[in-house]
Structure formats: structure tokens, C-alpha cells
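[1] coordinates only, sequence not included:
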Ligand code: GDL
């Protein structure tokens, strides 16, 4: 399968997340990686660069402009396309000539710094307009087309022949289905937005587990062009406890022929993006077939030297178990999944439900607990079950210890920014593994099955405490997406027990 034509196909990275933008030194490292791996585009759109979004009318100061100029030159040196994005949607007046003039001034400043490619983003904004705009444009989509087309023409008149990108207000299938941005928003974009302008799209969801060819072909009919994928697969700005170092996955190679490009908006912590970006680059140039796991394993091998410590070295095998624990939003890597299933079967199933390995395992409800009986094999006694449980408990404890030890090793990383990016998550992972190990150890003791368990290191208030954790316990998210009130006893976990 042929890889896409590398000049027109945009492949690369969006700095497009909420939170602290990357440092210039990180961007320099990024550009080195991208050039070496064959990626060609960097889209500058950090949500919390104030002048990208919140105060989009304001010009950059001299020092800010100099810093941006240096980034643009750095991209040029690496033969990368630098795209500058503005997000005026929070408070722009679509019929205001003054606001249009502000946009011109902002673009003018960027043109002077050597930027040739631009984007206008209307994601994550209130989808309402003031009455005057509503009267003049009739719909949100028409207002967006007017501003974007007019800015595009202005940019062309000012000498730039670069790419021009647009992000619609409904930028994924679910938002479009819910008529986000108004009924027929995308159809209007298809009709009214100039055909030279690329339209960003994140897939069926904001964070899409899969993006199929059929989904994109359907969208092409509405947009009347190939969409440009803004991929949030590895974005982690929406969840402070996780990061994603799994492979680029869930997209077929054939997708490349249906889109104008693949740009990924990855983890906020730059140092955690080695594998996501490396595997995206491999995916873009892959001649087929695509094996995401293999791509992950070989990228992990390359990432491994960055895990040099001041003490005992970490093994690649342990790094993979760790990476598998922070894999992708919708799935753990296989090693982490095995660890989870083992823990879940031990803890939820308990010794009473445990069957010897090879009979019907594992022991958790829903994971094959029912032992209908095998002809000729005696029904397991309580004793057999307890000993099977102890055996599995010991396998779990070995694995958990391995992972905990790896986390301890991380504190000795020579690459401190890498450790700092990992440290809070590692703390939490260690804490949870430690608790489970204690629980399993306790329950392994004879006669402990019905004895209540406590841990002196996991106490109300300091462990899983705080308002957010309490709020989280109120509604339980089921795997089918249903949100249901949690059982009463979970609700006031933080309250001291009162006898009154
Ligand atoms: C979004 C935002 C993006 C954010 C991501 C993940 C788009 C077009 N916009 O919806 O800035 O990083 O979700 O939280 O994806």
C-alpha cells in the first residue's frame, strides 16, 4: 500500500491542548524528531497561550514575537510547515469590521515573522451569537464561513500561498449528530467554505478509539472535501491522572487516502510523547500491513535509553509493563490488562470462587466463575479453591512488586523532566498496587476470608480523598455509557462514622 504524497499530505503534531504550552527547548527537540521521522507539519494552537484564544485581539509583545519568530525559523530549518492558529470564537462579533481588522493585525504580525500557513479554530466555544450577528448571518456556520473566507482571501492578497485550516464548532461525529453549532452546520460549511480551506475533524468522537474509512467517506460528502484529522488519541489534558504512551492505533492505513492529513494533539507533557509520535510517523509512511503492537514495541526499544537511572538499570520488559499501564484511552496494553484481570479475579472473586488454573479460570464473576463441572474431574473442594487462590495471589504479588519496583527506579531517572512528568501518576499507581498487595496478602492468611480489612496507610481523608473524589463516587459510569447513582454506602466515604 503506497504511503501518501508527502508534500500535500499534512502529517505531524498539533500543540493544541489545554494547560501549559511546551517550552521552546521542547519544541526544538520535537522538530528534530519530526524531521528525522518524516513528519512535515507543526500546528501552533496551545489553548492557554492567552493570545491564541482568551485575548486573541492583542498583538504579541516584542519578546514574545521574537520567540515565535525563532520557532518559525527552526521549523524552516527542519523543512517543517509551521501553521499558526487563532481561536477568536469565545467573544468575536462576526459582523464587526473592527474584529476583522483585529484578525488582520494578528495575521500581519505573524506574516512579518515569516509564517505562511494559518488556521482559524472555532472549537469549544459557546454556540450562540449576538442578535446582530444572528440577523446578519442567519446561522453560526454562515458566520464562520464569512469570517474564514474573508481572512483566507486577505491572507492570499498579502502574499501567502500557504495552507489555511478551519476547525468547525462540531468537530466530531457525536457533536454533529447532536446538532452542535446549529442544524445543518456542516452542510453549510461544505457549501460555503472556500474549497481550498482544510476542515479539521477528530473522528466519531472527540477522542476516537477508531476512525474508519466509511466514517470519513460519509463526512466527505457533507464537507465536499477530504477532512484533515485532528487526532486526540493521545491527548491527556482532560485527565490529570493519565498519560498515553501506546501506539497510534485504531485507524486503517487506507484512511490516509481519504484525508488531507493526520495531525496529532498528544500528551501535555512533551517528554511523554516519544512513542505516540514515533508510531504516528511510522503509520504515515507504512507500506503495509500495519501492526500497532509491533510499532509500539520497537518505539519503546528506542525510548528505553532515556530511562537511564543513577542506580540499577531498568529492563525493557519492565518498561513495557509500565508503558502498558498507560497505553491508550480505551485500552490498557496487554501486560497491564493481564495484571488487572488477575487482580480483579482475586479480589472480586475471592478465595471461595477460585478454581485451579486450567479448570475454569479466572475466578471473578463475569470472567468465567461458573464451574459447571468437568466429567471425570472431582468438584474442587474449599481447600483446593483456597490453594488455587493463594497460587494466583502470589503471581499477582510478583507482578505488582515488579511494577512498583519500576516506579521506584523512576525516582532515580537521570532525565529529570521525564521523572517530573511521571511522578504524580507513579505515586498513585504505587499507592493502588500497594493497597491491593496488602489486601491480597491479608486474605491469603488462613481464616481471613470474612475478616474485614483495613490498611494503616490508606485512611479516609488522605487516601482517595477530597471533593473531586467524593463527587466522582456519586455517579457510576457503566461500560455502556450509562451513569447511575452509586450505592448509598459509597456516598459519604469521607464523613467520620457517627453513632448518633
Ligand atoms: C478538544 C479540543 C482540544 C483538546 C482535546 C482533548 C479539539 C478540536 N479541541 O475538544 O483542544 O486538547 O479536546 O481534551 O479537539
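    Sure thing, it's come through. Since we're looking at a predicted model, the values are computed, not measured.
[2] Quick check, the residue in the stretch 251-400 of the chain closest to the ligand?
    Proximity of the stretch 251-400 of the chain to the ligand (Cβ to the nearest ligand atom) peaks at residue 265, 5.2 Å away. C-betas here are computed from N, CA, C, even on glycine.
[3] Enumerate every residue touching that residue.
    Residue 265 sits next to 13-17, 230-232, 234-235 when contact means Cβ atoms under 8 Å, 6 or more residues apart in numbering.
[4] what about it, distance to residue 68?
    Applying Cβ to Cβ, to the nearest Å, the value for residue 265 to residue 68 is 19 Å.
[5] for residue 476, same thing?
    To residue 68, residue 476 is 46 Å away according to Cβ to Cβ.
[6] Between the two, point out the one with more neighbours.
    Ranked by neighbour count (other Cβ atoms under 10 Å), residue 476 and residue 68 place residue 68 first, with 22 against 13.
[7] where does the more buried one land in three-state SS?
    helix (DSSP: H, G, I helix; E, B strand; the rest coil).
[8] one step back: return only those of the contacts of residue 265 found close to the ligand.
    Restricting these to those near the ligand by Cβ under 6 Å from any ligand atom leaves 16-17, 230, 232, 235.
[9] Any chance of CSV for those residues, columns distance to residue 433, pLDDT and neighbour count?
    Below are those laid out as CSV (distance: Cβ to Cβ, whole Å; pLDDT from 0 to 100; neighbours: other Cβ atoms under 10 Å):
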residue, distance to residue 433, pLDDT, neighbour count
16, 33, 98, 26
17, 28, 98, 22
230, 35, 99, 28
232, 29, 98, 24
235, 26, 98, 25
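[10] Tell me who's in contact with residue 14.
    By Cβ under 8 Å, 6+ apart, the neighbours of residue 14 are 43, 45, 230, 263-265.
[11] Could you check how many residues crowd around residue 331?
    Residue 331: 14 neighbours (other Cβ under 10 Å).
[12] Oops, could you answer that again for residue 49 instead?
    20.
[13] Need the phi and psi values for it.
    The phi/psi pair for residue 49 (degrees, to the nearest 10) reads phi -80, psi 110.
[14] again, but for residue 29
    With angles defined as degrees, to the nearest 10, residue 29 sits at phi -60, psi -40.
[15] for the ligand, what are the nearby residues on this structure?
    The chain comes close to the ligand at residues 16-18, 47, 123-124, 167, 171, 202, 206, 230, 232, 235, 237-238, 265, as judged by Cβ under 6 Å from any ligand atom.
[16] switch the cut-off to 5 Å
    Contact residues, the chain versus the ligand (Cβ under 5 Å from any ligand atom): 16-17, 123, 171, 206, 232, 235, 237-238.
[17] Could you tell me how many residues sit around the closest residue to residue 41 other than its chain neighbours?
    Spatial nearest neighbour of residue 41, chain neighbours left out: residue 12 (3.6 Å); criterion: Cβ to Cβ, 6 or more residues apart in numbering. Residues lying near residue 12 (other Cβ under 10 Å) number 25.
[18] same question, residue 161
    8.
[19] try residue 436
    So residue 436, with other Cβ under 10 Å, has 18 neighbours.
[20] Likewise for residue 126?
    Residue 126, neighbours per other Cβ under 10 Å, totals 10.
[21] I'd guessed it sits against residue 90; true?
    Yes - with contact defined as Cβ atoms under 8 Å, residue 126 reaches residue 90; the gap is 7.5 Å.
[22] okay but residue 412 is in contact with residue 309, surely?
    Yes - taking contacts as Cβ under 8 Å, residue 412 lies within contact range of residue 309: 4.0 Å.
[23] Save the contacts of residue 265 as TSV, and put in secondary structure and distance to residue 483 too.
    Output for the contacts of residue 265, formatted as TSV (DSSP: H, G, I helix; E, B strand; the rest coil; distance: Cβ to Cβ, whole Å):
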residue	secondary structure	distance to residue 483
13	strand	34
14	strand	30
15	strand	32
16	coil	28
17	coil	25
230	strand	27
231	strand	27
232	coil	22
234	coil	25
235	coil	22
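[24] which among these gets closest to residue 384?
    For the contacts of residue 265, the minimum distance to residue 384 (Cβ to Cβ) is 45.2 Å, reached by residue 234.
[25] Please name the residues that touch that closest one.
    Applying Cβ under 8 Å, 6+ apart to residue 234 gives the contacts 244-246, 264-267, 273, 276, 328.
[26] cool, and residue 439?
    Neighbouring residues of residue 439 by Cβ under 8 Å, 6+ apart: 347, 453, 455.
[27] In terms of secondary structure, what does the helix or strand hosting residue 31 contact?
    Applying DSSP states H and E as the criterion places residue 31 in helix 24-37. Applying 3 or more Cβ pairs under 8 Å, 6 or more residues apart in numbering; DSSP states H and E, one finds that helix 24-37 contacts strand 10-15, strand 41-44, helix 62-77, helix 274-285.
[28] Going by neighbour count, which residues of it are buried?
    Neighbour counts over helix 24-37 (16 or more other Cβ atoms under 10 Å) mark 26-27, 30-31, 33-34, 37 as buried.
[29] Repeat that for stretch 226-245.
    Within stretch 226-245, the residues that count as buried by 16+ other Cβ under 10 Å are 226-237, 243-245.
[30] picking up where we left off before, in a markdown table: the contacts of residue 265, plus distance to residue 115.
    Compiled in a markdown table, the contacts of residue 265 are given as follows (distance: Cβ to Cβ, whole Å):
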| residue | distance to residue 115 |
| --- | --- |
| 13 | 16 |
| 14 | 16 |
| 15 | 14 |
| 16 | 16 |
| 17 | 21 |
| 230 | 19 |
| 231 | 23 |
| 232 | 24 |
| 234 | 26 |
| 235 | 24 |
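[31] out of those residues, who's nearest residue 146?
    Ranked by distance to residue 146 (Cβ to Cβ), the contacts of residue 265 are led by residue 230 at 22.4 Å.
[32] Nearest spatial neighbour of the closest one, chain-adjacent residues omitted?
    Leaving aside its chain neighbours, residue 230 sits nearest to residue 200 (4.2 Å; criterion: Cβ to Cβ, 6+ apart).
[33] swap in residue 141?
    residue 188 (3.6 Å).
[34] Show me what the helix or strand hosting the one you found is packed up against.
    According to DSSP H and E, residue 188 maps onto helix 185-192. Contacts defined by 3+ Cβ pairs under 8 Å, 6+ apart place helix 185-192 against helix 140-157, helix 213-223.
[35] most packed of these?
    helix 140-157 (a mean of 20; mean count of other Cβ atoms under 10 Å).
[36] quick one: average pLDDT of that one?
    For helix 140-157, mean pLDDT is 98.
[37] who does it touch, helix- and strand-wise?
    Judged by 3+ Cβ pairs under 8 Å, 6+ apart, helix 140-157 is in contact with helix 97-112, strand 117-121, helix 131-137, strand 164-167, helix 185-192.
[38] Now distance to residue 383, mean pLDDT and mean neighbour count too, for these, in a markdown table please.
    Listed next are the helices and strands packed on helix 140-157 as a markdown table, based on distance: least, Cβ to Cβ, whole Å; pLDDT from 0 to 100; neighbours: other Cβ atoms under 10 Å:
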| stretch | distance to residue 383 | mean pLDDT | mean neighbour count |
| --- | --- | --- | --- |
| helix 97-112 | 75 | 98 | 16 |
| strand 117-121 | 65 | 98 | 24 |
| helix 131-137 | 75 | 93 | 14 |
| strand 164-167 | 63 | 98 | 25 |
| helix 185-192 | 64 | 98 | 20 |
